[in-house]
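*Asks:* build the 3D model from these lines:
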Amino acid sequence: ETNRLTLVHFAVQSLEMLNFFDEPDLVERYEIRKEHIINWIYSLQVVVVQQQGSTSRNDGNAGFKGGTFLGNMSMSMNANAN
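*Replies:* All right, here's what the predicted structure looks like:
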């Protein structure tokens, strides 16, 4: 699960090298939506959130998680804050 983002990277790069995304018929047949891939990748991003002058629970660390195994970081942080 932690390597899912790496696998997606190589899959998308391979499809791009084959000009898959330039063929509307193929994209429709396999129902691959670039917007969904992009949104999923950004959902894995961990950002530093400033709250009342200090950093959030992620201690200033930012970047991308390898997969969804940790859940949604912002939702879990909001739940712990209450």
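*Asks:* how about residues contacting the helix or strand where S14 lies?
*Replies:* Assigned by DSSP states H and E, S14 belongs to helix 4-17. The contact list for helix 4-17 (C-beta atoms under 8 Å, 6 or more residues apart in numbering) reads F21, I32, I37, W40, I41, L44, F64, K65, G66, G67, T68. Every residue, glycine included, has its C-beta placed from N, CA and C.
*Asks:* now V48: closest residue in space that isn't a chain neighbour?
*Replies:* A62 (5.1 Å; C-beta to C-beta, 6 or more residues apart in numbering).
*Asks:* which residues touch that neighbour?
*Replies:* Q45, V46, V47, V48.
*Asks:* any idea how far the third one is from G63?
*Replies:* Yep, that's V47 we're talking about. As defined by C-beta to C-beta, to the nearest Å, V47 lies at a distance of 9 Å from G63.
*Asks:* ok, now the last one?
*Replies:* Per C-beta to C-beta, V48 is found 10 Å from G63.
*Asks:* with L15 instead?
*Replies:* Distance from L15 to G63, by C-beta to C-beta: 24 Å.
*Asks:* what about the two, which has more around it?
*Replies:* L15 (17 against 9; other C-beta atoms under 10 Å).
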